[in-house]
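Trainee: 3D model of this:
(one chain, ligands or ions: 1)
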Amino acid sequence: MNGAPIITVDGPVSSGKGTVAREVAARLGWRLLDSGALYRLLGLYAQRRGLSTDDEAGLAELARDLPVVFEQTDGEPRILLDGEDVTRAIRREEVGELASRVAVIEPVRRALLARQQAFAGPPGLVADGRDMGTVVFPDAPLKIFLTASAEERARRRYKQLKEKGFGANLAALVEDIRARDDRDMNRDIAPLEAADGALVVDSTSMTVDEVVNRILDEAARRDIA
Ligand code: C5P
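Mentor: Numbering: from 1, shown residues only. Modelled structure (predicted):
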């Protein structure tokens, strides 16, 4: 890793960290790592290859060689998997589910570690995920743990899915979110938890702008941005 500053943003599903991390990176002109996208890509790729989520060795091998390209087209981020645009496909609930299954496999996490760390570099990096502050960038000078109630997160997810034209059921989403939290927080490796020294931000009754400003103020106060 080099000396460029890093802000990590970890938190549970639909805590708003993706939007917040993107906005913080844009406001600072820094790079962005959406680490969840890597687990989603792996889940999707494994499914397409007919690999079971139990095949640990096969999944770790896929993770090492994942043929993925992150690019910007007209300012919009695009993700290509084996040449195919999967930007939208990886956001489906079903793919999130696959992602959280492959994410509990230790050799998979190990295979993705160096890949994630390679995103660091000048002028700085905002890294969004579950274990950015605890495992991937433990020396980051600013670590955020972003949370919100399960009900509020389900409402946000519902709105997001509807806007994207996907079908959704609010009660089912609350259940899914609880199940996903449980799996992410209680797994043996890299469980979702606030990193040492993390600033915990509860966004239940905050707007995206308020959260972004809180993070930027903190970065300025610590003299890292
Ligand atoms: O953040 P996102 O919902 O895209 O992540 C999908 C899944 O990938 C999460 O539910 C989690 O299980 C896993 N993940 C992870 N570590 C990360 C990012 C995501 O285990 N750093």
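Trainee: For the lengthiest helix in the chain, which helices and strands make contact with it?
Mentor: Longest helix in the chain, counting residues (DSSP state H): helix 170-186. Packing partners of helix 170-186 (3 or more CB pairs under 8 Å, 6 or more residues apart in numbering; DSSP states H and E): helix 93-102, helix 150-163. All C-beta spots, glycine's among them, are computed from the backbone N, C-alpha and C.
Trainee: Deepest in the core, which of the ones you listed is it.
Mentor: Of all the helices and strands packed on helix 170-186, helix 93-102 carries the top mean neighbour count, a mean of 19, counting by mean count of other CB atoms under 10 Å.
Trainee: Run the chain-centre distance for the next helix or strand after that one.
Mentor: Heading C-terminal from helix 93-102, the first helix or strand you meet, by DSSP states H and E, is helix 106-117. With CA atoms, centre = their mean, to the nearest Å as the basis, helix 106-117 stands 14 Å off its chain's centre.
Trainee: got a list of contacts for helix 106-117?
Mentor: Helix 106-117 is contacted from outside by 1, 33, 35, 38-39, 42, 56-57, 59-61, 63-64, 66, 102-103, 127, 129, 135-137, 189-190, using CB atoms under 8 Å, 6 or more residues apart in numbering.
Trainee: ok, and which of these reach the ligand?
Mentor: Ser35, Tyr39, Ala103, Gly129 (CB under 6 Å from any ligand atom).
Trainee: Just the residues you listed: which are in helices?
Mentor: Per DSSP H, these map to helices at Ser35, Tyr39.
Trainee: nearest to Thr19, of the ones next to the ligand among the contacts of helix 106-117?
Mentor: Gly129 (14.1 Å; CB to CB).
Trainee: so is Ile79 in a helix, a strand, or just coil?
Mentor: strand (DSSP: H, G, I helix; E, B strand; the rest coil).
Trainee: about what we covered before: where is pLDDT lowest across the ones next to the ligand among the contacts of helix 106-117?
Mentor: Minimum pLDDT for these is recorded at Ala103 (92).
Trainee: who's in contact with it?
Mentor: Per CB under 8 Å, 6+ apart, neighbours of Ala103: Tyr39, Arg109, Arg130, Asp184, Arg187.
Trainee: Kindly report the same for Arg183.
Mentor: Here Arg183 is in contact with Ser100, Val104 (criterion: CB under 8 Å, 6+ apart).
Trainee: And it, how close does it get to the ligand?
Mentor: Counting by CB to the nearest ligand atom, to the nearest Å, the gap from Arg183 to the ligand is 7 Å.
Trainee: interface residues of the chain facing the ligand?
Mentor: Residues of the chain lying near the ligand (CB under 6 Å from any ligand atom): 13, 35-36, 39-40, 96, 99-100, 103, 129-131, 180, 184.
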